[in-house]
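J.: Give me a 3D structure for the following:
(chains A and B)
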Amino acid sequence: MEKIGLKSPVSKEVYLVKEALKVAKEIGYPVIVRPAYTLGGTGGGAAFNQKELEETAYRGIKSSRIGQVLIEQSLIGWKEYELEVMRDLKDNVVVICSIENFDPMGIHTGDSITVAPAQTLTDREYQTMRDASIKIIREIGVETGGSNIQFAIHPKTGEMLVIEMNPRVSRSSALASKATGFPIAKIATKLAVGLTLDEIPNDITKKTPASFEPTIDYVVVKIPRWAFEKFPKADKLLTTQMKSVGEAMAIGRNFEEAFQKAIRSLEIGRFGLETSQKEEGCSLKEIRQVLKTPHFKRIFFIKTAFKKGMSVKEIADLTKIDPWFLEKMKNIVEMEKKIKKYSLKTFPKNLFFEAKTMGFSDKQLSNLLKEDELRVRKERKAKRINPVYKLVDTCGAEFEAQTPYFYSTYEREDEVKVGSKKKIMIIGSGPNRIGQGIEFDYCCVHAALSAKEEGYEAIMVNSNPETVSTDYEIVDKLYFEPLTFEDILNIAEKEKPKGVIIQFGGQTPINLCRDLEKNGVRILGIPTWAIDIAEDRDKFYKFAERFKILMPEHGIAHNQKQALKIAKKIGYPIIIRPSYVLGGAKMEIIYQEKDLMEKLGEAFGLWDGKPVLIDKFLDNAKETEIDAIFDGKTLLVGGVMEHIEEAGVHSGDAACVTPPYSLKNKEVAKMLEYAEKIAKQLKIIGAFNIQFAVRNGDVYILEVNPRASRTLPYLSKATGFPLAKIATKVILGRKLKEMGFKQGILKVPKFAVKEVVLPFDKLEGDIILGPEMKSTGEVMGIDEKFENAFYKAELAAGNKLPLKGNVFISIREDIDPRELANLFHSNRFKLFATRGTAGRIRAAKIPVKIVPKVSEPEKPNILDYISEKKIDLIINLASGKGTKTDGYRIRRAAIDYKIPYITTIPPALAAVKAISSQLKNSNLKVHPLRKSNYNKNMTK
Amino acid sequence: MKAVLLLEDGTIIEGKGFGAESKISGEIVFATGMTGYVESLTDPSYAGQILMFTYPLIGNYGVTKDDYESAGIKTEGVVVREACSKPSNWRSEMTLDKFLRDYKKPGIYGVDTRSLTKKIRTFGTMKAILQTYRGKINLENLKKEIKKQKALSDLDLVEGVSVKNIKKFEAKEGKYKIVLIDCGVKMSIVKNLLKRGVNTTLVPYNTKAEKILSYKPNAVLISNGPGDPARLVETISEVKKLIGKIPIYGICLGHQIIALALGAKTYKLKFGHRGLNQPVKDLKSGRVFISTQNHGYTVLPRGLEKTGLKITQINLNDKTIEGLENKRLKIKTVQYHPEANPGPHDTNFFFDSIVNDLN
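T.: As a prediction, this is how the structure comes out:
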């Protein structure tokens, strides 16, 4: 950077407090102290003056393993920008998009609300940044392709620093591609094979070349989605460590509109800039505190601050957010005040329209006007206030565009042309979150392709910029819109599709389909009454009883007394959950009455007095699931998946294998019998998923998902058949038989193991798996042998199982460690264990070394062993609350020091078998997916 | 304050008014840059025109005098989707509204600018009247007025924006001297010359050739400016006299004037090029540059061979001429704006090449 005349933040490594003070004097306060070799930056922090630095530097040097700290120029409160740049072999460079972060420096850009294009830079400043980016991409030597360059700008002086350069396509590139309509990765690939920008036509205009800089005539806002509700122990403050799991993007003609659309796109129960009672109940003092430290809900606290009369200046001082953004937020608050003066009857048309132009949703208005959403909608339409759809065209309307990529706004002209072809609308899965990720996007993409193959015009609605479904090339028409009742119904009323497919977008479309149907939208595939039965546990219990389907014993409690009675009747352990919540949220396994009492106090408080569902927990049962397609006559089962973890671990967090390796034919036959019965009785057309528990030869149904499940893509790859495509064709009226499928299970040519990826290294908290899903991704391993498939899956998940070395085992008392110990021992591992576990292992005459627990006084203890990397594999099972601290610290250390760990027995056994198989023959083979099946066009 | 925008095809657009309470007429054009409204509004090439920005949020970063391209607003009026009343930038001195009021120019906001842009793209630039008002106005009168309104091509706009007397700018260590014929020059052109050690003498657009030569410059540069180049008969005939006697350079309108002086023809584009993202290809090197453009007229390629001019650069969007050259006559011109402001600096090298030639 220096060589090309650009500045970066100044920093220097020091070993002494004295040196730290000297460096700070040179670069000026505040400075950031970053200790070397500590995890998560422990011991560091900002120092605003000499006194603070003396303390922080001392603490930092002490906590660093090598006694070193980095003293860095602080960029607290600086503004952050990003530029997406592309270069070709002829050295032509173009800037695709400028992005301004709503949040100041110090928050990871993945955790920042970001806005495109940059809003508060004059042309002169923007061009300085552009010049710098071009110099950087040349100097770094990115010959072809895209780069992302990040800048910090001092808000008072305009001083510009280069923060980061990613010489590759980044997360922001994906956002920039969707924001501008310029497909960065696609063009980068063409540049890589030697084409130059002027040789590639602009995808959208077709007539002009890609050697230009997109100019847009709208505002794009991206808001990250966090999953802190799943990680109650994680620190909810935003830092330089990214913590969000997904994001939503929205497009509007002004900031307010894009911002509010983005908020409702998040699907967090807020339909615009709406605050909760909890936030509103905060005192000014509390709010000031929250604003000072960037909390993931800060925008809602900012709104509360405005409502309580805080000024833009004060909020800007506290948050370091540019006043430009705060003024826009204030506009929303002011508008809300105006709206509240009216009832729906007296609400004037011009104000109604103005509110809509600022992105207020009908739902939000209904809350403000104290009216039902449908009546707001009716009144809006009566007043002829309807959304119009504008085109994303890369060129600010300068040229005619060919691409059907639309967003809604409230203005004069509607650019959508509704064709006469029969249309199928597909509702996407919205922002990635835990439990609903890209698996569903895969399904939506395949549904769209399949609908096109069947001769329909495929219309996609989605709000997630990280998806393929929002690539305008995939579908015939793309609406980049929030997935809410209002936004989807607006499109459906405009396009009048033959039907809407809701099976592939996960829970989002399922939650909307009843209201859509009530308002005249035809839902394809499965009747909504059947969805009700599948989703409402109470109704499902009755359904199961009626059709003689075995379920674990259960009951519904409306109060504590009832709950205790039910629990006593069915016996512990039990699973409790609030009625009508999905994805395992708030589900818990209870082992004893005492815990139930405690939980219920919490539960009834938390769940607004809604009934609590109690199921018998089948401990030590095997859990399995199937994905199947039903066309009214034939049942095609994509595969039976056997979980490697025992029952009790959320199916989304469990590793699984298909074909099953330990199920009996009789058990599988029972599953198929149940599946057919359910499909027939619920009149399912298309894909569905059933989860089972198998214990002592009995097959119990745990859950029915009346939609394509998370595992459908995995099974598609395992079997080589595009199941989402097949299901779509069935939904559109084709029969399985005519596509060449017979009743029964598709053959899986090899073992396919799915393993999950967990975000524990990014989010603090315990790493035990339970009924609440926590994983953010998954991988698959395929092999002729189960052990090798498992080994491959672990490898892909980042858990490189050691083939030799030291294994540490700590297992709660009621579980026998001997089989496991023996297997490790016979594979020449050295065994280490806590005192109790070691005793039980020694009883089997297996040598083992005792390692003190953290709570024991002797040193070195297990944490020392881990931090010194003396342990190669950790097997640690939670053992209730008593030893929680010990177990927790061991598991946490495993994560922090990146040592492979396993927290339940069956995977540990699978692991050691996989290791053993590797030791015998370490030659892992690559197996092609069966391409012939996969790409087969099912219509032929 | 209310505002109305009337187009010659009868389209009436009602919106809200900002800036001065006033009535103006002009040719409505659109510009696609997402930044640079201050530079554009003060660009004399926009004289006679009502400027519409396709980017919907204008005024976000306020107004900084340092960014002016001339002493005040030169466009007749402004059309935007939203005019920011609470700007934020460390250099900002005032709001867009105040800026317009200071120069007594009207603006309209709350317009579906995208829809209007598409109309202009389809039907071409049009005559328009913009009026900001309180109370009521008579639309019928406006409709009558627009019928009588002269088209841009019938207006002599350059004399209104050119200097009246010569003006000298000394570079820090001036090595060369250029006479810059001011047809409505952007100050960035002067700044780019001074930065490269070129003393610059700004002369009125109708200065006689002998007078220009009497300053003994190393070269002559003809600036950008507003309107139809073919109307500048005086300038064209003086340039004719200069050709062959001294190196001549031209930017935008200057480029067109030189082409006309050599016998080429110009014609009006349907809706012009106005933006900061226009790709220009250099035919010799094959390189592509992103340029700032602001022109409604262009040089006709047909018949160009007779003039001795060679096309050096073209616009990749519509293949129109972006650069001309005649080595023998020491003529070099560009249709785009190498001085940028607003826009990318990619083509700044045009000024380097002038200095190189003078070496």
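J.: which intervals of the stretch 201-350 of chain B have sub-threshold pLDDT?
T.: By pLDDT under 70, the stretch 201-350 of chain B contains no weakly predicted segment.
J.: Mind naming the longest strand for the chain?
T.: Went with chain A since none was named. In chain A, assigned by DSSP state E, the strand with the most residues is strand A:635-646.
J.: Can you look at chain B instead?
T.: strand B:266-282.
J.: How about it and chain A, any contact?
T.: Yes - in terms of C-beta under 8 Å from any C-beta of the partner chain, part of strand B:266-282 sits within range of chain A, namely B:Gly275, B:Leu276, B:Asn277, B:Gln278, B:Pro279, B:Lys281. Heads up, the C-betas are built off the backbone N, CA and C, glycines and all.
J.: packing partners for that strand?
T.: strand B:23-31, helix B:113-123, helix B:253-261, strand B:288-299, strand B:310-315, strand B:321-326 (3 or more C-beta pairs under 8 Å, 6 or more residues apart in numbering or on different chains; DSSP states H and E).
J.: want to try TSV for the residues of strand B:266-282 next to chain A, with neighbour count as columns?
T.: Listed next are the residues of strand B:266-282 next to chain A as TSV, based on neighbours: other C-beta atoms under 10 Å in any protein chain shown:
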residue	neighbour count
B:Gly275	27
B:Leu276	28
B:Asn277	24
B:Gln278	28
B:Pro279	25
B:Lys281	22
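J.: Which strands border the longest strand of chain B, and is each parallel or antiparallel?
T.: Strand B:266-282 pairs in its sheet with strand B:288-299 (antiparallel), strand B:310-315 (antiparallel), by DSSP bridges.
J.: hang on, the earlier thing: got the helices and strands packed on strand B:266-282 as CSV, with distance to B:Asp357 and mean neighbour count columns?
T.: Listed next are those as CSV, based on distance: least, C-beta to C-beta, whole Å; neighbours: other C-beta atoms under 10 Å in any protein chain shown:
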stretch, distance to B:Asp357, mean neighbour count
strand B:23-31, 31, 23
helix B:113-123, 38, 20
helix B:253-261, 15, 28
strand B:288-299, 19, 26
strand B:310-315, 14, 19
strand B:321-326, 11, 23
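J.: How about the residues of the stretch 51-200 of chain B by chain A?
T.: B:54-57, B:60-61, B:64, B:67, B:81-82, B:84, B:86-91, B:112-115, B:117-118, B:121.
J.: try 10 Å this time
T.: Residues of the stretch 51-200 of chain B found near chain A (C-beta under 10 Å from any C-beta of the partner chain) are B:53-57, B:60-64, B:66-67, B:81-82, B:84-92, B:110-122.
J.: pretty sure A:Ala752 belongs to a strand, no?
T.: Yes - counting by DSSP: H, G, I helix; E, B strand; the rest coil, A:Ala752 is found in a strand.
J.: Pretty sure it sits against A:Lys785.
T.: No - A:Ala752 lies out of contact with A:Lys785 (C-beta atoms under 10 Å); the separation is 11.9 Å.
J.: of these two, who's got more company?
T.: Between A:Ala752 and A:Lys785, counted using other C-beta atoms under 10 Å in any protein chain shown, the more crowded position is A:Ala752 (27 against 15).
J.: Find the nearest non-adjacent residue to the more buried one, please.
T.: Nearest residue to A:Ala752, sequence neighbours excluded (C-beta to C-beta, 6 or more residues apart in numbering or on different chains): A:Ala718, at 3.5 Å.
J.: got the phi/psi numbers for the nearest residue to A:Phe255 once chain neighbours are set aside?
T.: Among residues not flanking A:Phe255 along the chain, A:Lys328 sits closest, at 4.5 Å (C-beta to C-beta, 6+ apart). In terms of degrees, to the nearest 10, the main-chain angles of A:Lys328 are phi -70, psi -40.
J.: quick one: pLDDT of A:Lys328?
T.: You'll see A:Lys328 listed with a pLDDT of 98.
J.: Go ahead and confirm it touches A:Ile299.
T.: No - applying C-beta under 10 Å as the test, A:Lys328 and A:Ile299 come out as separate, 11.3 Å apart.
J.: what touches both of the two?
T.: Residues touching both A:Lys328 and A:Ile299 (C-beta atoms under 10 Å, 6 or more residues apart in numbering or on different chains) are A:Phe102, A:Phe259.
J.: Outline the domain layout of the chain.
T.: You didn't say which chain, so I picked chain A. Residue ranges for the domains of chain A, per automatic domain parsing: A:11-73, A:79-216, A:273-337, A:341-385, A:525-529+A:619-784+A:927-940, A:553-616, A:802-920.
J.: Not quite, go with chain B.
T.: Annotated domains of chain B cover B:2-154, B:158-358 [automatic domain parsing].
J.: what about stretch A:113-121, how long is it end to end?
T.: Separation of the first and last residues of stretch A:113-121 by C-alpha to C-alpha, to the nearest Å is 17 Å.
J.: tally of neighbours for A:Lys569?
T.: Neighbourhood size, A:Lys569 [other C-beta under 10 Å]: 11.
J.: chain center to stretch B:47-58, what's the gap?
T.: Mean-position distance between stretch B:47-58 and its chain equals 13 Å (C-alpha atoms, centre = their mean, to the nearest Å).
J.: Average pLDDT for it, rounded please.
T.: Average pLDDT, stretch B:47-58: 98.
J.: for stretch B:137-146, same thing?
T.: For stretch B:137-146, the mean pLDDT works out to 96.
J.: One more: stretch B:21-31?
T.: Per-residue pLDDT over stretch B:21-31 has a mean of 98.
J.: next one: stretch A:920-938
T.: Mean predicted confidence for stretch A:920-938 is 67.
J.: Around chain B, which positions in the stretch 401-550 of chain A sit nearby?
T.: Proximity of the stretch 401-550 of chain A to chain B, by C-beta under 10 Å from any C-beta, involves residues A:Thr409, A:Glu411, A:Arg412, A:Glu413, A:Asp414, A:Glu415.
J.: Disregarding residues adjacent in the polypeptide, which is nearest to A:Glu80?
T.: Nearest residue to A:Glu80 in three dimensions, chain neighbours excluded: A:Asn101, at 4.0 Å (C-beta to C-beta, 6+ apart).
J.: quick one, what contacts A:Arg818?
T.: Applying C-beta under 10 Å, 6+ apart to A:Arg818 gives the contacts A:His825, A:Arg840, A:Ile841, A:Ala843, A:Ala844, A:Lys845, A:Ile846.
J.: redo that, cut-off 6 Å
T.: Residues near A:Arg818 by C-beta atoms under 6 Å, 6 or more residues apart in numbering or on different chains: A:Ala844.
J.: separation between it and A:Ile871?
T.: Distance of A:Arg818 to A:Ile871, given as C-beta to C-beta, to the nearest Å: 20 Å.
J.: Number of residues surrounding B:Asp134?
T.: If you look again at residue B:134, you'll see it is Arg, not Asp. Residues lying near B:Arg134 (other C-beta under 10 Å) number 9.
J.: Please consider this matter closed, and thank you.
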